[in-house]
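Q: Okay, sequence plus prediction incoming.
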Amino acid sequence: RRQRCNEYSLTIYFKKNEIQPIKLEKSEYTGYDICEVFSGLVCDKKAVIEISAHSSPDEKDKQNLSLKRGQFLKDTLVKLGINPARLIIKAYGDTRPAELKDVNGLVVGLAAYEERRRVVFSVIRSDFKE
């Protein structure tokens, strides 16, 4: 399942109170790995990415944990050669839970805690210049 340049919003999931991501097996939701994010950034050298980091209500130090998750993934991408100025971290703690939507896109409830422990990578601009 390959994402095309400029068309990606990827989600990576975490175990409770952990800052290193997990790669999930196929289930009711699917996680991506850091390689897919890296591939998207290499594909589109002008993309600026928001790293939206989240935690669940049952985790300790929710705000700080979400920041550490985002920073861990940013640091990983920087080590792979991505310019850190292209990566913007937003730590939300547990203030923006994942939502469950019906086929029409209407919110029908909140996701389980496991699905709330996530980092979402989204292209916010495509005008980055070195």
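A: Arrived safely, thanks for sending.
Q: buried set for stretch 94-104?
A: Buried residues in stretch 94-104, counted by 16 or more other Cβ atoms under 10 Å: 94, 97, 98. C-beta: built from backbone N, CA, C; applies to glycine.
Q: got the end-to-end distance for that stretch?
A: 25 Å (Cα to Cα, to the nearest Å).
Q: got it, and stretch 76-96?
A: The first and final residues of stretch 76-96 sit 24 Å from each other (Cα to Cα).
Q: Repeat that for stretch 121-130.
A: 21 Å.
Q: Could you list the buried residues of that stretch?
A: By neighbour count on 16+ other Cβ under 10 Å, the buried set for stretch 121-130 is 121, 123.
Q: Contacts for that stretch next, please.
A: Residues from elsewhere that reach stretch 121-130 (Cβ atoms under 8 Å, 6 or more residues apart in numbering): 6, 8-12, 37, 40, 44-52, 73, 83, 85-86, 88.
Q: Give me the subset of the residues you listed lying in strands.
A: 9, 10, 11, 12, 48, 49, 50, 51, 52, 88 (DSSP state E).
Q: circling back to that earlier point, just the buried residues from the contacts of stretch 121-130, in ChimeraX please.
A: Only the buried members of these enter the following ChimeraX selection, criterion being 16+ other Cβ under 10 Å:
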select :8,10,11,12,37,40,44,47,48,49,50,51,52,73,86
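Q: Could I get the full set of strands for the protein?
A: Counting by DSSP E, the strands of the chain are 9-14, 21-22, 48-53, 87-91, 99-101, 107-110, 118-125.
Q: Lowest average confidence across these, which one?
A: Lowest mean pLDDT within the strands of the chain: strand 21-22, a mean of 80.
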